[in-house]
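[1] requesting a structural model of the entry that follows:
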Amino acid sequence: MGRLVYALAASAALLVQMGPGGARAEAPKAGLQGDLPSRLRSALAEAIGYTDQPIENRFEARRRAREAASDALAVLRSEGYYGAEAEPEVGEGDTPQPVVRVSPHRRFLIADPQISWSGEAPPPTVQAAAEAVMGLANGQAGRAGDVVGAEGRIVAAVQKRGFADVAAEPREVIVDHADQTVRPTYRIAAGSLVRLDGVRLVTTGRTNPAWLDRLAPWAPGDAYDPEDVGELERRLLDTGVYESVTVALAPRSEATLQGLRPVIVSLADRSKRQLEIGASYSTSEGAGADARLTRYNILGRADTVAVFAKGSNLDSRIGAEVSLPHWRRAQQTLKATTALYRTQTDAYDETGVGLSADVQRRFGKTSYVTVGGSLGYSQTDERQATTLRPLGRDLIAVAALGALALDRSDDPLDPKRGWRVEARLEPTLISGSNTLPYLRAQAQGTAYMPFGEKARTVLAGRVKVGSIIGGLIPEVPASRRFYSGGGGSVRGYAYQGIGPRLSDNTPEGGLSLTEASFELRQKLTARWGVVAFIDAGSIVSDPTPSFKDLSVGAGLGVRYDLGFGPIRADIAVPLNKRKGDPSFQVYLSIGQSF
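    The predicted model follows:
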């Protein structure tokens, strides 16, 4: 373990010494001369580029100067300086330097932008929408990018209103050097209004056409909307059971006698089954292994059926799971799970069997509302607080679930800005030697604040609270109480290492939970980054969350970006260490800690 800690520290120190710029120094390919606005000078320098190759002769210097002048003129014209001059020059001496002398002159301005409709013009409302999104006004800079971008917005606005075959014909742009204006005229062929038919399925797989028809977000006869076609494609991709999905409007030649156009859906199923095998190791939880066999699309409605097994010092289980995406309505998933399990922790041991089912309704890309229920039977062994003798309980638990998740962050694995909120309510009735109804409630919020244009520095924060209302300790079984400590809560402490303990140091758990975390994430290079963090948590026997008996951990981490998300390696120490707490903890995982 000491070697791992040393390696993490050495890696971070090396990255800091290297810095984001790398080891090789680069210089501009050519110098810039002339009276230039700062933004224009920066754009020209970026276009000319940089090199670490030295100039060896005057021929090479002249070549670089000519290339730099050509690149500079292209940027000047794209920015509306159509009368600009860029003269290549070469300095004197044994090591001549290429230079571009730039005279931008006056910038040309937009004048009288127009749309000319080829063939039959669309309705006035569509024409007005096209003109509204053009985004060009008399007197604004005549940038080439703005002129080209306006055409794309016009076509998109017309297509959005049902004219699927709209096309842009060659535009006419007059650059008038006499009055220094740019006069664009867009020639748009709108075509006819397109109305949609149903879905035509093309596949060699097992998908049921009737299920696919119900998934379409339009009714036959509705006007074409590219967002509807795109939404159907997203709904199919969200299921995760297809190798590829293509959704496209049929050509005009395939319209029905009523003039309706079908939407063609091409699906390629992924392999029928998939076997996943994994292994893990944790300093606090020991070794573990898991396996999962998944079957896809057995029922022909993008369903998933899986059997799984997991074994570890802490948690072992075997079970099955069925998932039905877009159940009864789009963006709604029914999931049912059953499992036999054995849990062995410092606080309690539990063996049981459970059955749960929930319906998750998605809105937006990453936000959900979930309702469900569960039924379970378990045998739990825990220690009595007064005598420390084992107390066995046979429990039947019936619970309902209501959950909400709102995600307004910019990335699921490596967020740099935005926020997330999650909340869960679980009304529960347990029956054994006594009957106890109670409510378990949890809520968590995270926020991300970037610094700098490229968000290379991010301040991240997390707050979590929980409460069990309606029961007291020891009425609430140990397996149902709150615990804290470990990689997902307060780093530096062992699993269940925070909160009240019995006289033999066994974790007792509590009726309320409070946690808070803060991280300062610093990007060093395109791939590497470092993190400094502090976590805090409290478990108390009162149902009201508080920061009483707070435990605090702090540490450092290294991040390596895989492209889709970072690998993280953290080392943390407990700042108010108690008997039984480790000196430090190491955590390895994929994705940021929150």
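[2] tell me which element A43 falls in.
    Using DSSP states H and E, A43 sits within helix 38-48.
[3] buried residues in that helix?
    40, 43-45, 47-48 (16 or more other CB atoms under 10 Å). C-betas here are computed from N, CA, C, even on glycine.
[4] okay, it in CSV with CA atoms only?
    What follows is helix 38-48, C-alpha atoms only, in CSV (Å, rounded to 0.1, in the frame of the first residue of the first chain):
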residue,chain,number,x,y,z
SER,A,38,-6.6,42.2,-30.5
ARG,A,39,-9.2,39.5,-31.4
LEU,A,40,-8.4,39.7,-35.0
ARG,A,41,-4.7,39.4,-34.3
SER,A,42,-5.3,36.3,-32.1
ALA,A,43,-7.4,34.8,-34.9
LEU,A,44,-4.7,35.4,-37.5
ALA,A,45,-2.0,34.0,-35.2
GLU,A,46,-4.0,30.9,-34.7
ALA,A,47,-4.5,30.5,-38.4
ILE,A,48,-0.8,31.0,-39.2
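[5] ok, then the element right after it?
    Where DSSP H and E defines the elements, the next helix or strand beyond helix 38-48 is strand 50-51.
[6] so what does that following strand touch, helix or strand wise?
    For strand 50-51, the elements it packs on are strand 27-28, judged by 3 or more CB pairs under 8 Å, 6 or more residues apart in numbering; DSSP states H and E.
[7] for F533, give the beta-bridge partners.
    Taking DSSP bridges as the rule, F533 bridges to E519, G555.
[8] surely it touches A572?
    Yes. Contact criterion CB atoms under 8 Å: F533 and A572 qualify, at 7.5 Å.
[9] find residues that contact each of these two.
    Here F533 and A572 have 491, 554-555 as joint contacts, going by CB atoms under 8 Å, 6 or more residues apart in numbering.
[10] what subset of those residues is buried?
    Neighbour counting by 16+ other CB under 10 Å classes 491, 554-555 among the shared contacts of F533 and A572 as buried.
[11] circling back to that earlier point, how about a markdown table for the buried residues of helix 38-48, with pLDDT and distance to T544 added?
    Output for the buried residues of helix 38-48, formatted as a markdown table (pLDDT from 0 to 100; distance: CB to CB, whole Å):
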| residue | pLDDT | distance to T544 |
| --- | --- | --- |
| L40 | 91 | 61 |
| A43 | 91 | 59 |
| L44 | 92 | 63 |
| A45 | 91 | 60 |
| A47 | 91 | 62 |
| I48 | 91 | 65 |
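[12] what's the farthest-apart pair in those?
    Within the buried residues of helix 38-48, two members stand farthest from each other by CB to CB: L40 and I48, at 12.5 Å.
[13] so who does the closest residue to Q114 other than its chain neighbours touch?
    In space, and not counting its chain neighbours, Q114 is closest to T185: 4.8 Å by CB to CB, 6 or more residues apart in numbering. The contact partners of T185, by CB under 8 Å, 6+ apart, come to 113-116, 171-174.
[14] can you pick the most crowded of those?
    Among these, the one with the most neighbours (other CB atoms under 10 Å) is P113, at 21 neighbours.
[15] for that residue, what are its contacts?
    134, 136, 138, 150, 183-186.
[16] can you list these in JSON lines and add secondary structure?
    Putting the contacts of P113 into JSON lines (DSSP: H, G, I helix; E, B strand; the rest coil) gives the following:
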{"residue": "M134", "secondary structure": "helix"}
{"residue": "L136", "secondary structure": "coil"}
{"residue": "N138", "secondary structure": "coil"}
{"residue": "A150", "secondary structure": "helix"}
{"residue": "R183", "secondary structure": "strand"}
{"residue": "P184", "secondary structure": "strand"}
{"residue": "T185", "secondary structure": "strand"}
{"residue": "Y186", "secondary structure": "strand"}
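[17] and which of the residues you listed is nearest L275?
    Relative to L275, the closest of the contacts of P113 is A150; by CB to CB it sits at 52.7 Å.
[18] what about that closest one, how many neighbours?
    A150 has 21 neighbours, counted by other CB under 10 Å.
[19] restrict stretch 483-499 to CA atoms and write it as CSV.
    Only the C-alpha atoms of stretch 483-499 are listed here, as CSV (Å, rounded to 0.1, in the frame of the first residue of the first chain):
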residue,chain,number,x,y,z
TYR,A,483,-24.6,4.2,8.1
SER,A,484,-21.8,6.3,6.7
GLY,A,485,-18.1,6.0,5.8
GLY,A,486,-16.3,4.8,2.7
GLY,A,487,-15.8,5.7,-1.0
GLY,A,488,-19.4,6.8,-1.6
SER,A,489,-19.8,8.9,1.5
VAL,A,490,-16.9,10.0,3.7
ARG,A,491,-13.5,9.0,2.4
GLY,A,492,-10.8,8.1,4.9
TYR,A,493,-13.2,6.0,7.1
ALA,A,494,-14.1,2.3,6.7
TYR,A,495,-17.5,1.2,5.6
GLN,A,496,-20.0,1.9,8.4
GLY,A,497,-17.1,3.5,10.3
ILE,A,498,-19.0,6.8,11.2
GLY,A,499,-21.6,7.1,13.9
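[20] understood, closing this out.
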